[in-house]
Every structure is written in structure tokens, then in C-alpha cells.
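Chemist: the following comprises the amino acid sequence and a computationally predicted model.
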Amino acid sequence: MQTIKDKITDLNATRKARSEAKNEEKVEKDLAKSRAEVAHEIRLAKEAEASMEAHVNKAVEKAAQHDAKQQSQQESHSTDNINSSSNSASSNPSGGNDKSNIPGHLSKFM
């Protein structure tokens, strides 16, 4: 009779230990999954940031090309240069630079 009680007690202890180990493993898996999700989101954020920087650089390039084109056109039409410089100073958002077509918030990237 005592042997049966001891065996039942041992089985209960083993069951309890297995249950605790299983719960710890589940917590560790959840933690690892959370870390993986965070790492994934960080990677996506870095990719988006790099993509945005590339788009800003491309926009600055296009604006610089446009400025160069405008400048060459202004040089070829010297009679229109006086009228266009007085109009562009009032409507140009480039921070006061009359000949630049680059917006002020993008000029910091140049």
C-alpha cells in the first residue's frame, strides 16, 4: 500500500515538473517570437527610411536638373531675365534663393 502511495506521489511530482517545464518553454517561445517580430519591424523601418532617403535624393537631383535647365533657358532669353527674376523672388519657396527651384525643406540634403 505504501508503495502505491509513493508511486502516485512520484507520478504527481513528475507531472508537476513537466507542466512547469512546458510553461517555461512556452514563455521562452513567446519571448523569442516577440523579439523576432520586433526585429522584423525594425528592418522594415530601416528599409523605408533608406527608400525615403533615396526618393529625397532623386527629388533633389531632379530639382537641380530643372534649375540648370531654367538657368540655360534664362541665359538664352536675356530680355526675359529681368521680368522672371522679379517674379520668381516673390513666389519661390527655396528660402530666398532666386535661381533655385529646390524647396527649402529639401535644400538641407544638398
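Modeler: Now that the structure is in, tell me what you want to look at. Residues are numbered from 1 along each chain as shown.
Chemist: now residue 19: which helix or strand?
Modeler: Per DSSP states H and E, residue 19 falls inside helix 2-76.
Chemist: now find how far off-centre that helix is within its chain.
Modeler: In terms of Cα atoms, centre = their mean, to the nearest Å, the centre of helix 2-76 is found 13 Å from the chain centre.
Chemist: elements contacting it?
Modeler: For helix 2-76, the helices and strands in contact under the criterion 3 or more Cβ pairs under 8 Å, 6 or more residues apart in numbering; DSSP states H and E are helix 81-91, helix 104-107. No exception for glycine: its C-beta is placed from N, CA and C like everyone else's.
Chemist: out of these, which gets the lowest mean score?
Modeler: Among the helices and strands packed on helix 2-76, helix 81-91 carries the lowest mean pLDDT, at a mean of 50.
Chemist: per-residue pLDDT, the residue nearest in space to the middle of the chain?
Modeler: Nearest to the mean C-alpha position of the chain, counting by Cα atoms, centre = their mean, stands residue 49 at 3.0 Å. Predicted confidence (pLDDT) for residue 49: 94.
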